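1. Return a 3D structure for these sequence lines:
(one chain, ligands or ions: 1)
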Amino acid sequence: MKALLIVDVQNDFCTGGTLAVPEGEKVVPVINGILNRFKVIVASKDWHPAGSRHFEKWPVHCVQDTYGAAFYPQLDDEKIQKTFLKGTDEKNDGYSAFDATSDNLERFLKENKVNDLYVCGLATDYCVLASALDARKKGFNVFVVEDAVKGVDAKAGDSERAIIQMKHNGIVFMDSGLVPLD
Ligand code: VGL
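-> I've put the predicted structure just below:
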């Protein structure tokens, strides 16, 4: 069984947000266009308390229950079966969807007999990177939908380096048009 993991497609990571990823919202139509190829669809959300230590490194973003933490409005979120909340305590960065505390992502995927995990969303060089690497460590076959991710690139080349690191760890990059239908 395959599953789609939609990482952090939240208002604060899109244009107008407090930690906007350049062109972040451009992933949304690409993601919406592949949802019907999956029976299992999950998402992660950055979900920080207002006093998070994470905000010593980053502008305040994705504070629990705020507009900035909501899914980008055009994301077709009705098809998401479960959303995993991460970075939920003051000491936790929560870059990886597998660090979610609201529920256990690894257990959910294994209960649903998922072995192929397709990853998309924001941002290539942080939460997509951390989630994809964790998925590999946990034994999933991992595919990143390359036209459905965007990077922060705080330092020029960060996304490119992240992609190389993922490829070195056996993660496969695939255009959305090639995601299998079944
Ligand atoms: C992220 C930077 C800081 C992400 C989260 O979702 O990739 N990036 N916090």
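2. Excluding chain neighbours, what is closest to residue 1?
-> With sequence-adjacent residues excluded and distances taken as Cβ to Cβ, 6 or more residues apart in numbering, residue 1 is closest to residue 113, at 4.6 Å. For the C-beta atoms, the positions are set from N, CA and C on the backbone; glycine is no exception.
3. Got the phi and psi for that neighbour?
-> The phi/psi pair for residue 113 (degrees, to the nearest 10) reads phi 60, psi 30.
4. Report the separation between residue 122 and the ligand.
-> 5 Å (Cβ to the nearest ligand atom, to the nearest Å).
5. Number of residues surrounding that residue?
-> Using other Cβ atoms under 10 Å, residue 122 has 30 neighbouring residues.
6. my guess is it meets residue 24, correct?
-> Yes: using Cβ atoms under 8 Å, residue 122 makes contact with residue 24 at a distance of 5.2 Å.
7. list residues touching both of those two?
-> 9, 13, 14, 150 (Cβ atoms under 8 Å, 6 or more residues apart in numbering).
8. So the residue lying closest to residue 145 once chain neighbours are set aside: helix, strand or coil?
-> The shortest distance from residue 145 to any non-neighbouring residue, by Cβ to Cβ, 6+ apart, is to residue 120 (4.3 Å). Three-state assignment for residue 120 (DSSP: H, G, I helix; E, B strand; the rest coil): strand.
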